[in-house]
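>>> Here you go, sequence then predicted model.
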Amino acid sequence: GWRAVLTTALLRALPPCLIVTFVCVPMASMRILRTFTCLHFTVDDITGEGATYLADDLSISCDSPEYKEVEAWAIGLIFLWPLGVPALYAYLLWKCRNAIRTRRPNRLSRATIFLWGDYETRC
């Protein structure tokens, strides 16, 4: 039925998706976390008054509503990329742990071999 077709399609798409996310997560995570880096500039040396701007885009004041919106998006994206993708990897490995341990591959363990294939079981 349609569930078998969907499962087969997802398992075929999983290996390239894992590779792409593996390559993209460090760059995306770094970019997301840069959202929280603001630089302080002293505007008036006498009063010490200053302003803060986003380090990656000095046209955005860290005190502006625009920055608050960008910051909110970044917080959400943290759960998707730097936390979500490794959590997905852990879940996938957990789901196929028995097939990996017993060396009896199933469809999921074959699809996720990118995550565990280079590891050797040695004591």
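Now that the structure is in, tell me what you want to look at.
>>> Which is the succeeding secondary structure element to the biggest helix by length in the chain?
Taking DSSP state H as the criterion, the chain has its longest helix at helix 2-33. Counting by DSSP states H and E, the next helix or strand C-terminal to helix 2-33 is strand 38-42.
>>> Which of the residues in the helix or strand following that following strand are classified as buried?
Once strand 38-42 ends, the next helix or strand along the chain (criterion: DSSP H and E) is strand 50-54. Neighbour-count burial for strand 50-54, counted by 16 or more other CB atoms under 10 Å, picks out 53-54. Bear in mind the C-beta positions are built from the backbone N, C-alpha and C, glycine included.
>>> Just checking: what are the partner strands of the very next helix or strand once past strand 50-54?
Toward the C-terminus, strand 50-54 is succeeded by strand 57-61 as the next helix or strand (DSSP H and E). Applying DSSP bridges, strand 57-61 is found paired with strand 50-54 (antiparallel).
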